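J.: build me a model:
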Amino acid sequence: MDAPSFEGLRLALFDADARVRIEEHIPEATPMILGAQIDGGFLSGQVFHFNPNLNCLIGGRGTGKSTVFEAIRCVTGMDGDSSVVDSEVWPEDLHLFWKDQAGQISCLRRQRECPVSNVDDDVFGPSGFEVDCFGQVEAAKISLESQIDPCMGST
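T.: This is a model prediction of the structure:
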């Protein structure tokens, strides 16, 4: 909201889980993806550094935006259901750098047609983490459903 108002407060309280957080419940550190490195395939040599807040990839059709998001999705340990995963344009080697809730930085790696591994500790280190990650079709569906029923996402 641009300025404090009763309507803004009413809207925030309507869906408290999404808009209002009591400060004592905010963790000191939150997990976040720090960056990604892509070797091989359509996006070979690309390195991404992510901001702890909003990140945006901008480009025309066919520039690799969806491929980047699918790559990140796969390296987090989530199954990518896109036809681009492990295709001829898919990277040979993906590295994802992330910080967990304890502030520990780890590097996850996924080679084409291989499972994700923890580069720093392949035996005991986590090889995935939970993240809300939606593909292009899923995001469009959620957007359309929220226009029909704004309360749908609050359950």
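
J.: hey, let's count contacts and neighbours off CA atoms from now on
T.: Noted.

J.: phi, psi of K65?
T.: K65 adopts backbone torsions of phi -60, psi -50, taken as degrees, to the nearest 10.

J.: what helix or strand does the closest residue to C107 other than its chain neighbours sit in?
T.: Closest residue to C107 apart from its sequence neighbours, by C-alpha to C-alpha, 6 or more residues apart in numbering: F97 at 4.6 Å. Using DSSP states H and E, F97 sits in strand 93-99.

J.: just L9 next, same as before
T.: If you go by DSSP H and E, L9 is part of helix 6-14.

J.: could I get the average pLDDT for the strand holding F97?
T.: Averaging pLDDT along strand 93-99 gives 93.

J.: okay, buried residues for that strand please.
T.: Residues of strand 93-99 classed as buried by neighbour count (16 or more other C-alpha atoms under 10 Å): 93-99.

J.: go through the residues you listed and name the one nearest D132.
T.: Nearest to D132, judged by C-alpha to C-alpha, of those is W98 at 14.6 Å.

J.: check contacts around the residue nearest to that closest one when sequence neighbours are not counted.
T.: What sits nearest to W98 in space, not counting adjacent residues and going by C-alpha to C-alpha, 6+ apart, is I33, at 4.3 Å. With contact set as C-alpha atoms under 8 Å, 6 or more residues apart in numbering, I33 has these partners: 50, 52, 96-99.
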